[in-house]
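A.B. asks: sequence unknown, structure follows:
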């Protein structure tokens, strides 16, 4: 007998009403946009570049342990069992067994000691590279963040531009039907509108690519982002001396510091190669016990035997490998020195570029803002003039285009100004999460 099925309880009017209210409340809650710090925290947890740098640091630290190991005591134990048949007589067999413990200790080995210094310098370099990766993550997140904001502004501008041209197509077509304008004005408006549609497609594609670039860092779909507030602090970085920033960068830039450690490692590598010509000195301690049967005449059978020794090893000839290793180390030192000089010059150049970008950005923001205001007034005047017949359709279309270009330049100038301040801190080796928090205060809450 099958169990009796209980019919579902019919929904009352009050239940339905409450469900509708709850659903409406949930759907009406605006999704909050993410700020710069939230995006940075996502990237901090998921960025593979930083994770790989940390893994390389672990590899370098284990290299120090492995380079130190040969200089520490080495212990080994062994057991042997032998059976012999003297003279081929199957009835006569001799057997023996032995056990031994050996302890070796390096006393003097300059080459291995230099190799330990090489490993330590390489580990120090990797520590600096991890610090550089952490600072680079701050800059990469900021760059990707503002690239998305710039792309978002570009989409809004080109879509508004496209809508303005669409309105001109409709108005010019109506005026043509009323005999107030020529067919050429309609075709010209349609040409600008078609070009604006193509620009909108390109802008949306660029926005999608910018959002994917941000997702590549965070490992998550790019969210809606808070935008820059209207007013920005317009001041030169302190100290207002570009050479002071260059001097600080040459002293604290982590990638340059890592290259210095690489240069130090090359010096120690040369010392290790030269030390391959030197003798090494070691000590060993052995303890063994052996037994044989039939019992030999020796009275040491079955007794512990201890031995202590000093081993001096003098290298004489290694087929030319030692000299080749030294020449190779010298070439590696030359390469490391050149890499350091290249990095030093690049850091100095990048620091000056970012400082000058900030100085130029102050003037650029003012100029582009004035251009936006002037373009807006010019467009309004051109619209009136076009209605009065003093301005042509071409004048109006060009005024719309000029306004869109001025707005794009203003958006790029604002975002680049803020980004340049962060990149200057990165070049000086000072950027961290606190600097992102300072930039975060310049963002305003936005809903997607």
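C.D. replies: Yes, it's here. The shown structure was predicted, so the numbers you read here are calculated from the model rather than taken from an experiment.
A.B. asks: check which residues of stretch 186-195 are buried.
C.D. replies: Within stretch 186-195, the residues that count as buried by 16 or more other Cβ atoms under 10 Å are 186, 188, 189, 190, 192, 193. From N, CA and C alone the C-beta is placed, and that goes for glycine too.
A.B. asks: in helices only, show me these.
C.D. replies: Among the buried residues of stretch 186-195, the ones falling in helices (DSSP state H) are 186, 188, 189, 190, 192, 193.
A.B. asks: which parts of the stretch 201-350 of the chain are helices?
C.D. replies: Applying DSSP state H, counting those that start in this stretch to the stretch 201-350 of the chain gives helices spanning 242-252, 254-275, 321-388.
A.B. asks: mind checking those helices for the one nearest to residue 121?
C.D. replies: Among the helices of the stretch 201-350 of the chain, the nearest to residue 121 by Cβ to Cβ is helix 254-275 (3.7 Å).
A.B. asks: about what we covered before: rebuild the buried residues of stretch 186-195 as JSON lines, extending it with distance to residue 420.
C.D. replies: Compiled in JSON lines, the buried residues of stretch 186-195 are given as follows (distance: Cβ to Cβ, whole Å):
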{"residue": "186", "distance to residue 420": "45"}
{"residue": "188", "distance to residue 420": "40"}
{"residue": "189", "distance to residue 420": "39"}
{"residue": "190", "distance to residue 420": "41"}
{"residue": "192", "distance to residue 420": "34"}
{"residue": "193", "distance to residue 420": "36"}
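A.B. asks: pLDDT check: weakest of those residues?
C.D. replies: Among these, residue 186 has the lowest pLDDT, at 81.
A.B. asks: what packs against the one helix or strand residue 132 maps to?
C.D. replies: Taking DSSP states H and E as the definition, residue 132 sits inside helix 110-177. For helix 110-177, the elements it packs on are helix 36-46, helix 48-68, helix 183-218, strand 227-228, helix 254-275, helix 393-427, helix 433-440, judged by 3 or more Cβ pairs under 8 Å, 6 or more residues apart in numbering; DSSP states H and E.
A.B. asks: what's the most buried one of the helices of the stretch 201-350 of the chain?
C.D. replies: Between the helices of the stretch 201-350 of the chain, helix 254-275 has the highest mean count of neighbours, a mean of 20, where neighbours are mean count of other Cβ atoms under 10 Å.
A.B. asks: so what's the closest residue to residue 357 other than its chain neighbours up against?
C.D. replies: Leaving aside its chain neighbours, residue 357 sits nearest to residue 420 (4.1 Å; criterion: Cβ to Cβ, 6 or more residues apart in numbering). Residues in contact with residue 420 (Cβ atoms under 8 Å, 6 or more residues apart in numbering) are 354, 357, 358, 361.
A.B. asks: look up how far residue 102 lies from the second one.
C.D. replies: Per Cβ to Cβ, to the nearest Å, residue 357 is found 66 Å from residue 102.
A.B. asks: got it, and the last one?
C.D. replies: Remark: distance between residue 361 and residue 102 (Cβ to Cβ) = 71 Å.
A.B. asks: what do you get for the first one?
C.D. replies: Spatial separation of residue 354 from residue 102 under the definition Cβ to Cβ is 61 Å.
A.B. asks: gap between the closest residue to residue 270 other than its chain neighbours and residue 335?
C.D. replies: The shortest distance from residue 270 to any non-neighbouring residue, by Cβ to Cβ, 6+ apart, is to residue 329 (4.5 Å). According to Cβ to Cβ, residue 329 and residue 335 sit 11 Å apart.
A.B. asks: likewise residue 420?
C.D. replies: Distance, residue 420 to residue 335, by Cβ to Cβ: 33 Å.
A.B. asks: what is the burial count for the residue lying closest to residue 354 once chain neighbours are set aside?
C.D. replies: Leaving aside its sequence neighbours, residue 354 sits nearest to residue 424 (Cβ to Cβ, 6+ apart; 3.9 Å). By other Cβ atoms under 10 Å, the residues close to residue 424 number 24.
A.B. asks: residues contacting residue 80?
C.D. replies: For residue 80, the contact set (Cβ under 8 Å, 6+ apart) comprises 97, 98, 99.
A.B. asks: re earlier: so for the helix holding residue 132, mean pLDDT?
C.D. replies: The average pLDDT within helix 110-177 is 92.
A.B. asks: ditto for stretch 428-447
C.D. replies: Mean predicted confidence for stretch 428-447 is 88.
A.B. asks: buried residues in it?
C.D. replies: Neighbour-count burial for stretch 428-447 flags 428, 429, 430, 431, 435, 436, 439, 440, 442, 443, 446 (criterion: 16+ other Cβ under 10 Å).
A.B. asks: now stretch 52-64
C.D. replies: Of the residues in stretch 52-64, 53, 57, 60, 61, 63, 64 count as buried by neighbour count, 16+ other Cβ under 10 Å.
A.B. asks: same check on stretch 40-56?
C.D. replies: 40, 42, 43, 44, 47, 50, 53.
A.B. asks: show me the contact partners of it.
C.D. replies: Here stretch 40-56 has contacts from 126, 129-130, 132-134, 136-138, 140-141, 217-220, 433, 436, using Cβ under 8 Å, 6+ apart.
A.B. asks: re earlier: residue 347: which of the ones in helices among the buried residues of stretch 186-195 is nearest?
C.D. replies: residue 192 (46.8 Å).
A.B. asks: hang on, isn't that closest one packed against residue 167?
C.D. replies: No - counting by Cβ atoms under 8 Å, residue 192 does not reach residue 167; the two are 11.4 Å apart.
A.B. asks: need the max-distance pair from the buried residues of stretch 40-56.
C.D. replies: By the measure Cβ to Cβ, 42 and 53 form the most distant pair in the buried residues of stretch 40-56, at 17.9 Å.
A.B. asks: ok so, going back, local confidence estimate at the residue nearest to residue 357?
C.D. replies: The predicted local confidence for residue 420 is 95.
A.B. asks: so residue 72 versus residue 109, what's the distance?
C.D. replies: Residue 72 is 12 Å from residue 109, where distance means Cβ to Cβ.
A.B. asks: neighbour count for those two, which is higher?
C.D. replies: Neighbours per residue (other Cβ under 10 Å) separate residue 72 from residue 109, with residue 109 holding more: 19 against 9.
A.B. asks: mind checking how far that one is from residue 70?
C.D. replies: Taking Cβ to Cβ, one finds residue 109 at 8 Å from residue 70.
A.B. asks: could you find the closest non-adjacent residue to residue 148?
C.D. replies: Using Cβ to Cβ, 6+ apart, the nearest residue to residue 148 is residue 210, at 4.7 Å.
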